[in-house]
Structures are given as C-alpha cells and as structure tokens.
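Participant: sequence unknown, structure follows:
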C-alpha cells in the first residue's frame with residue numbers, strides 16, 4: 001500500500017537537499033498520475049529549478065500498446081504535468097525503458113526534444129523518426145546505472161530477493177563514472193526516490209555526486225541541457241529499424 005509512497009513523501013525531499021548541497025540541477029521523470037497524487041512534491045521539484053520530464057501517466061508499458069493507446073498515455077501525461085507544475089515537458093523516458101518503433105515520431109509530433117530509453121551508445125545521438133526528415137535526440141541509458149537492479153525488492157512482485165549494499169552500488173557506479181569520463185561519454189544515472197531516497201543509499205549517491213562535481217572534465221547537467229548540446233552538434237540521424245524475424 002505504501003512502498004512507493006516513500007519516494008514523494010520522504011525520498012524526494014532528501015534527494016533535493018543533496019542536489020542543493022552539491023549545486024546540481026537534475027531531471028525528474030514523473031508519471032502524470034504521480035503529479036496528480038503528489039502535486040506539492042512535484043511543484044517543489046520545479047520550484048528548485050530541476051527539470052521535470054514525461055514518464056507515462058500510470059507508468060504504462062508500451063510493448064503491447066497500440067498506437068492509439070500510446071498517444072493517450074503521452075497526452076494524459078503532458079496534460080497532468082501542465083496542470084500540476086505549469087510545464088510542458090521536452091523530455092521523455094518510456095516506462096520500463098520500453099519504446100515502440102513508432103515512438104520517436106509520436107514524440108516529435110508533440111514537441112519533444114529528446115528521449116532517454118535506448119541502450120545502444122555511450123553518447124547522445126539523433127534518433128530518426130522514420131519520415132526521412134525529422135529526429136529527436138536520444139540520450140542512452142543502461143540497466144547497470146539503474147538503482148532498480150540494486151535495491152528493488154517487493155515480495156511476490158519485483159526483484160530477486162537480493163538487496164545490494166550501497167557500498168557495492170557506489171563502487172560500481174563510481175567505476176562506470178570514471179570509465180565513461182575517460183571515454184568522453186555520457187554518464188546517465190537512474191535513481192528512483194523510493195529506492196535511493198533511503199538514508200544509506202542516499203549517502204552513496206551523494207558520494208557519486210561529489211565525485212562528479214569535483215572532476216574538472218565532467219559537465220553535470222540536466223537531460224534537457226545535454227539534449228540541447230547534442231542538437232547543436234548537427235549529428236546525422238540514426239534510424240532504428242525493426243529486425244525481420
């Protein structure tokens with residue numbers, strides 16, 4: 001009944017304090033229903049200058065969704081964020097990181113600048129919509145930089161039953177930060193407030209924040225700012241084609 005309520009009620013305020021302490025502006029991917037249920041939390045995120053991006057309405061998976069359903073999820077989510085926070089999102093992350101081959105076109109049609117759901121690069125790139133003209137910026141992610149795989153356990157619902165130590169998670173993320181920096185890549189960490197917002201995990205995340213901010217060669221930015229920078233590079237779009245089976 002209350003497992004994920006820890007995020008907006010307790011985790012988000014803690015993470016906002018950490019972000020302020022490290023002078024970091026972050027991107028929060030917010031389902032529309034979460035905005036409707038916890039409007040004060042979402043307004044607090046926006047009031048502190050963080051980006052709010054789209055993450056579905058009810059965190060609906062897209063794998064089995066038809067086009068009409070996907071459009072409904074997008075438009076309900078946009079409307080909720082406009083209503084609650086007064087913002088129109090320019091960024092999108094698919095629930096469960098599960099896009100369709102049509103998703104880039106649907107996002108472009110609704111004014112989105114970027115998506116962050118795919119896993120095929122260390123750097124942002126232009127993702128073609130398929131019409132031969134338009135594209136959106138793709139900012140890739142990966143399961144290894146998602147706290148879900150480290151911390152999530154709900155009996156009979158999610159997780160393996162193994163809840164990792166924040167020390168192990170911090171080491172893994174730190175190694176990835178260092179290696180990605182050496183490659184000149186884009187380090188995108190996904191931290192759910194109901195998971196990483198818990199005390200010892202938040203401490204581990206704070207250490208990653210401090211490491212990133214202290215590195216002179218690392219630019220710490222919102223996803224929107226990264227997408228704007230990527231768009232300015234005038235990259236040749238990449239078309240994601242569906243394999244023939």
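Facilitator: Nice, I can see it. Note that the coordinates shown come from a computational prediction; the quantities given were computed from them, not determined experimentally. Numbering: from 1, shown residues only.
Participant: and stretch 184-195, how far out from the chain middle?
Facilitator: Offset of stretch 184-195 from its chain centre (CA atoms, centre = their mean, to the nearest Å): 7 Å.
Participant: residues contacting it, please?
Facilitator: For stretch 184-195, the external contacting residues (CB atoms under 8 Å, 6 or more residues apart in numbering) are 3-8, 11-12, 14-15, 116, 122-124, 139-142, 145-148, 150-152, 173, 176-177, 180-181, 201, 205, 208, 212, 218, 223, 226. C-betas here are computed from N, CA, C, even on glycine.
Participant: now a ChimeraX select for only the buried ones of these.
Facilitator: Here is the ChimeraX command that selects only those of these that count as buried (16 or more other CB atoms under 10 Å):
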select :4,6,7,8,11,12,14,15,116,123,124,139,140,141,142,145,146,147,150,151,152,173,176,177,180,201,205,208,212,223,226
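Participant: can you give me the helices for this structure?
Facilitator: 6, 12-21, 32-37, 39-47, 67-85, 103-109, 148-151, 166-183, 193-196, 199-214, 223-231 (DSSP state H).
Participant: got these as JSON lines, with mean pLDDT and distance to residue 134 columns?
Facilitator: Output for the helices of the chain, formatted as JSON lines (pLDDT from 0 to 100; distance: least, CB to CB, whole Å):
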{"stretch": "helix 6", "mean pLDDT": "97", "distance to residue 134": "40"}
{"stretch": "helix 12-21", "mean pLDDT": "98", "distance to residue 134": "33"}
{"stretch": "helix 32-37", "mean pLDDT": "98", "distance to residue 134": "25"}
{"stretch": "helix 39-47", "mean pLDDT": "98", "distance to residue 134": "28"}
{"stretch": "helix 67-85", "mean pLDDT": "98", "distance to residue 134": "16"}
{"stretch": "helix 103-109", "mean pLDDT": "98", "distance to residue 134": "5"}
{"stretch": "helix 148-151", "mean pLDDT": "94", "distance to residue 134": "32"}
{"stretch": "helix 166-183", "mean pLDDT": "98", "distance to residue 134": "29"}
{"stretch": "helix 193-196", "mean pLDDT": "97", "distance to residue 134": "34"}
{"stretch": "helix 199-214", "mean pLDDT": "98", "distance to residue 134": "33"}
{"stretch": "helix 223-231", "mean pLDDT": "98", "distance to residue 134": "12"}
